[in-house]
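>>> Predicted model follows, preceded by the sequence.
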Amino acid sequence: MESLEEIKSRAEAGVPGAKIEIVPNPGPANQPSLLLNHEQARAVARFLHDDPALKLDHCSNVTGVDWLDRKVTKKVKVKKVIDGAEKEVEEAQEEFFPGYLEAVYHLFSMSLKHGPVVIRMRTTDRATRANLPSLTPIWRSAEFQEREIFDLYGIRFEGHPDLRRILMWDEFEDFPMRKDYREPDDYEYEPTPHDEVLEKAKQHYTPRPDLDGAENLTARQQ
């Protein structure tokens, strides 16, 4: 299989206007990936799928990643006048990076027996612009996995054929896999309360002595 740099160059040549960045992976896996821009992401994905030298026809895995707002302090050298003389000194400067969400796809070629090639997309922010183009039209195996990311991270995949919750119930609010998620102690709308969920819910109602725990909670919901 071609190197990631060669795949990047091939895709940029094949899709006019595509902006692709190689994202290094400093972890033990040392598996860099291709970051796609929103506007051309689906066209690049189609190219990776159809190109005769690549034929990345199978998407094995799609996952979400949450990056919170963060501040990074770094040391920089600046020139200052000290005791009448100009000197170079180190100063600490703080840089702010707004948070975003990511969808990461692992691609293989079943026909050419190579891979993985990892591609990713990033949302503009974690709130009002947490949208990405769906790649389900390219790889059907991404359908349920994009739904799971929507359900747990809140990324809205534009063009997805059936974007709705897949793990949480319809009335559930918030996104449990986000790093700033805080578990509520009121599980009033949990459809099947049990164990710890039931114990927490008991804090929010007065039990009726003629009903057991689950029946009490059901009665309260009604």
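Thanks, I have it.
>>> drop to CA atoms for contacts and neighbour counts, all remaining ones
Fine.
>>> tell me the domain boundaries of this structure?
For the chain, automatic domain parsing gives the domain ranges 4-67+101-178, 183-222.
>>> what's the most buried one of these?
domain 4-67+101-178 (a mean of 17; mean count of other C-alpha atoms under 10 Å).
>>> That domain: end-to-end distance?
One end of domain 4-67+101-178 to the other measures 30 Å (C-alpha to C-alpha, to the nearest Å).
>>> what's near enough to touch Ala130?
Counting by C-alpha atoms under 8 Å, 6 or more residues apart in numbering, Ala130 makes contact with 100-101, 123-124, 154-156.
>>> just these: which has the poorest pLDDT?
Taken together, these show their lowest pLDDT at Thr124, with 92.
>>> what secondary structure does it sit in?
Classification of Thr124 by DSSP: H, G, I helix; E, B strand; the rest coil places it in coil.
>>> For the helix or strand hosting Glu88, what is the distance to the chain centroid?
Using DSSP states H and E, Glu88 falls within strand 85-97. The chain centre lies 34 Å from the centre of strand 85-97; the measure is C-alpha atoms, centre = their mean, to the nearest Å.
>>> Was I right to think His38 contacts Thr124?
No. Using C-alpha atoms under 8 Å as the test, His38 is too far from Thr124 to be in contact (9.6 Å).
>>> And the strands in this protein, which stretches?
20-23, 33-36, 58-67, 70-82, 85-97, 100-109, 114-122, 131-133, 156-158 (DSSP state E).
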